[in-house]
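J.: Quick one, structure for this:
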Amino acid sequence: MPLSPAEVAELQQARALLENPGLAARISEALGSPIERGFEMLPKRWNAAVMGATRKAIETALDVALRTLDHERAETPANRWHKLAVGTTGAAGGAFGLAALAIELPVSTTIMLRSIADIARSEGEDLRSLDARLQCLQVLALGGRAAGDDAAETAYFAARAAMAKAVSEAARFLAQQGAVQHGAPVVVRLIAQLASRFSINVSQKVAAQAVPVLGAVGGAVINTVFIGHFQDMARGHFIVRRLERRHGAEEVWRVYKEIPGHR
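T.: Reported below is the predicted structural model:
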């Protein structure tokens, strides 16, 4: 069954959220200066620190996704509350700089995941489903184009395609085991793929926070932009999934490609 005009409009909204603009552009606009300055100020080993903190954050988020997300029952997404909470953690992180990342990022990521779950539920996802909870986690991999992505493909569908096998394998394994085993190969692969994409956005966040004059206030602003980015990714992703449940993935993809502005 083809999409109705109202549903096409919803898909247009989803595409606008999913494809533009990137986190770096949003941060630069919020701060009034490009974040390239921050990259120049980071220590030489910052990349290893970011990846380590990112992996820890993803592991924490995976535990939260599988154990507690379906316990939350609010019907309306509490976007403002989650932004305030993440802004507070950003203020603390901004005050202590890169050294606080390993503590601040898992906390911020957990809050973001709960916000993503709120949005998923509002779009009809059943968080008692393992697939729905892993889809919440997958949102963290959206909005950051990896090096191997097809330049002719949309960033959103490229990320989904790249993650599809790892997510499905992990879902089957976790359904059988009933608990997270972080050393299991399928879980390791899932965390690695999520972390590699999420770290792109984390790197941009860290670079912006590296500018010394920003401090706690800048950290709060950056984290507010950070969660706003993923709230938009979540809204777009779960609009697409709702339409796919109704019309099928192929039909939604066909219409998505025909929307003006498609790359």
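
J.: Give me the below-cutoff pLDDT ranges for the stretch 1-150 of the chain.
T.: In the predicted model of the stretch 1-150 of the chain, residues 71-100, 144-150 satisfy pLDDT under 70.

J.: Please enumerate the strands of it.
T.: Counting by DSSP state E, counting those that start in this stretch, the stretch 1-150 of the chain forms no strands at all.

J.: And the top helix by length along the chain, what does it pack against?
T.: Criterion DSSP state H: the longest helix present in the chain is helix 215-247. Here helix 215-247 touches helix 5-19, helix 23-31, helix 79-96, helix 101-122, helix 130-138, helix 155-177, helix 185-209, helix 249-258, going by 3 or more CB pairs under 8 Å, 6 or more residues apart in numbering; DSSP states H and E. (C-beta placed from N, C-alpha, C; glycine too.)

J.: As JSON lines, these with mean neighbour count and distance to Leu69 would be great.
T.: Shown next, in JSON lines, are the helices and strands packed on helix 215-247 (neighbours: other CB atoms under 10 Å; distance: least, CB to CB, whole Å):
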{"stretch": "helix 5-19", "mean neighbour count": "17", "distance to Leu69": "22"}
{"stretch": "helix 23-31", "mean neighbour count": "18", "distance to Leu69": "23"}
{"stretch": "helix 79-96", "mean neighbour count": "19", "distance to Leu69": "14"}
{"stretch": "helix 101-122", "mean neighbour count": "23", "distance to Leu69": "5"}
{"stretch": "helix 130-138", "mean neighbour count": "22", "distance to Leu69": "5"}
{"stretch": "helix 155-177", "mean neighbour count": "17", "distance to Leu69": "13"}
{"stretch": "helix 185-209", "mean neighbour count": "22", "distance to Leu69": "16"}
{"stretch": "helix 249-258", "mean neighbour count": "15", "distance to Leu69": "24"}
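
J.: Any idea which of the ones you listed gets closest to Glu40?
T.: helix 185-209 (8.7 Å; CB to CB).

J.: average pLDDT across the closest one?
T.: Per-region confidence: helix 185-209 scores 90 on mean pLDDT.

J.: Just checking the distance from it to the centre of its chain.
T.: Remark: helix 185-209 is offset 10 Å from the chain centroid, using CA atoms, centre = their mean, to the nearest Å.

J.: Pop out the phi and psi values for the closest residue to Leu42 other than its chain neighbours.
T.: Spatially, and ignoring its direct neighbours in sequence, Leu42 is nearest to Ala210 (5.1 Å; CB to CB, 6 or more residues apart in numbering). With angles defined as degrees, to the nearest 10, Ala210 sits at phi -70, psi -20.

J.: can you tell me how far Ala210 sits from Glu104?
T.: Look at Ala210 and Glu104: by CB to CB, to the nearest Å, they are 14 Å apart.

J.: How about Ala175?
T.: 32 Å.

J.: same question, Asn223
T.: Distance, Asn223 to Glu104, using CB to CB: 8 Å.

J.: Quick check: phi and psi at Gln181.
T.: Here is the backbone geometry of Gln181 (degrees, to the nearest 10): phi -120, psi 100.

J.: show me what contacts it?
T.: Counting by CB atoms under 8 Å, 6 or more residues apart in numbering, Gln181 makes contact with Val187.
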